[in-house]
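K.L.:
Quick one: sequence plus predicted model below, questions after.
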Amino acid sequence: MKFDLDTAWKDTTGLLSRNRGLLAVIAGVFFFLPYAALAIALPGMGDLEAAQASGNLDAMMGAINDLYASYWWVYLILAIVQGIGLLAMLALVRRRANPTVGQALSTGVKSVPTYIAAQLLQTALFAIVAGLLIGVGAVTGLPALAVLGGVIAFVVVCYIVTKLSLAAPVIAIDGELNPIRALQRSWALTRGNSIRLFFFYLLLLAAFVVLSIVISLVLGLAFAIAGEQAALLGEAVISGLLNAIMIVVIVCVLAAVHTQLGRLSDNPDATTED
């Protein structure tokens, strides 16, 4: 048996339907409010928005670097807060004991160090793989090889991202508090289904990008009519709202995929090496 996209989507919509109220509350508190507040209150966001509007890549990267250099601690706090929210939502939708919101939040707080450690390990792995593949092409001095190395690095990183995508549900749902074992478990769960899983994620990402563009255009226009300040406020609200919606969907997708692949892994004939 192989990973079934249709079953995964049905399970995802089922989780959304059964838990939408609680998920909306947690996403609002841990994702929408912090993200919107950051976009409105953080100095330097105006410069970043101006750079984005100009389309100047150098100006945009400079604004991003300045923002992170000056307010790295804010983004660290935000990452911890959102990590707790993500893990709490995963525990809420799939823990067999049917935890209360308080118990789910407790799971999030307890598990967030493991989650952050796993994220750092993944980032280090991506940097090493991409650096090696791009660097090999770059040292030759041949542009074609450098480009080829970049393409290969992108493909390999996408593969690794897919293989390690279930680390968060392994931590929050299975209760694994060792970051290395969580990554190993994710790798094992996705064995034999990585390509199908990648295209499932890709389809969902494409659908969300299209939906985000439509929502941003419609609501952005409505706020823009009210004036410049309203447009800036509206952009922050829209960004925060889209961020919260995306996280809720991601949580249900990861929980559904984790459950299905967990069932398949119990059958020795269910998966093959990819």
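P.N.:
In hand now; what should we look at?

K.L.:
mind checking how far stretch 78-88 is from the chain centre?
P.N.:
11 Å (Cα atoms, centre = their mean, to the nearest Å).

K.L.:
which residues are contacting it?
P.N.:
Outside stretch 78-88, the residues that touch it by Cβ atoms under 8 Å, 6 or more residues apart in numbering are 26-27, 29-31, 34-35, 38, 101, 104-105, 107-109, 111-112, 115-116, 119, 168, 171-172, 247, 250-251. Any C-beta I mention is one placed from the backbone N, CA and C, and that applies to glycine too.

K.L.:
remind me which residues of the stretch 151-274 of the chain are low pLDDT?
P.N.:
Scanning the stretch 151-274 of the chain for pLDDT under 70 picks out the ranges 228, 267-274.

K.L.:
what are the ranges of the helices in it?
P.N.:
In the stretch 151-274 of the chain, the segments counted as helices under DSSP state H, counting those that start in this stretch are 167-172, 179-189, 194-225, 228-265.

K.L.:
Deepest-packed of these, please.
P.N.:
Neighbour counts (mean count of other Cβ atoms under 10 Å) averaged over each of the helices of the stretch 151-274 of the chain peak at helix 167-172, with a mean of 29.

K.L.:
other SSEs contacting that one?
P.N.:
Applying 3 or more Cβ pairs under 8 Å, 6 or more residues apart in numbering; DSSP states H and E, we find helix 167-172 packed against helix 57-94, helix 101-139, helix 179-189, helix 228-265.

K.L.:
For residue 17, find the nearest of those.
P.N.:
Residue 17 lies closest to helix 228-265 among the helices and strands packed on helix 167-172, at 9.5 Å (Cβ to Cβ).

K.L.:
Who are the packing partners of the closest one?
P.N.:
Contacts defined by 3+ Cβ pairs under 8 Å, 6+ apart place helix 228-265 against helix 5-27, helix 33-41, helix 45-54, helix 57-94, helix 167-172, helix 179-189, helix 194-225.

K.L.:
Distance from the chain centre to that helix, please.
P.N.:
8 Å.

K.L.:
Stretch 67-74 too?
P.N.:
With Cα atoms, centre = their mean as the basis, stretch 67-74 stands 20 Å off its chain's centre.

K.L.:
which parts of it are buried?
P.N.:
67, 71 (16 or more other Cβ atoms under 10 Å).

K.L.:
and the gap between residue 159 and residue 200?
P.N.:
Going from residue 159 to residue 200 by Cβ to Cβ, to the nearest Å gives 14 Å.

K.L.:
I'd guessed residue 171 sits against residue 181; true?
P.N.:
No. Using Cβ atoms under 8 Å, residue 171 makes no contact with residue 181, being 9.7 Å away.

K.L.:
before we move on, back to that, right, and the helices of the stretch 151-274 of the chain - which one's nearest residue 147?
P.N.:
Nearest to residue 147, of the helices of the stretch 151-274 of the chain and by Cβ to Cβ, is helix 194-225 at 22.3 Å.

K.L.:
Residue 166 contacts residue 261, correct?
P.N.:
Yes. The pair residue 166 / residue 261 is scored as a contact, 7.1 Å apart, by Cβ under 8 Å.

K.L.:
between those two, what contacts are shared?
P.N.:
189-190.

K.L.:
per-residue confidence at residue 52?
P.N.:
Looking at residue 52, its pLDDT stands at 59.

K.L.:
And for the one 5 residues further on?
P.N.:
Per-residue confidence (pLDDT) for residue 57: 65.

K.L.:
what do you get for residue 107?
P.N.:
Residue 107 carries a pLDDT score of 92 in this model.

K.L.:
give me the number of residues near it?
P.N.:
Using other Cβ atoms under 10 Å, residue 107 has 22 other residues around it.

K.L.:
ok now stretch 226-236, how far from the chain's centre?
P.N.:
27 Å.

K.L.:
Please apply the same query to stretch 201-219.
P.N.:
That offset, for stretch 201-219, works out to 15 Å (Cα atoms, centre = their mean).
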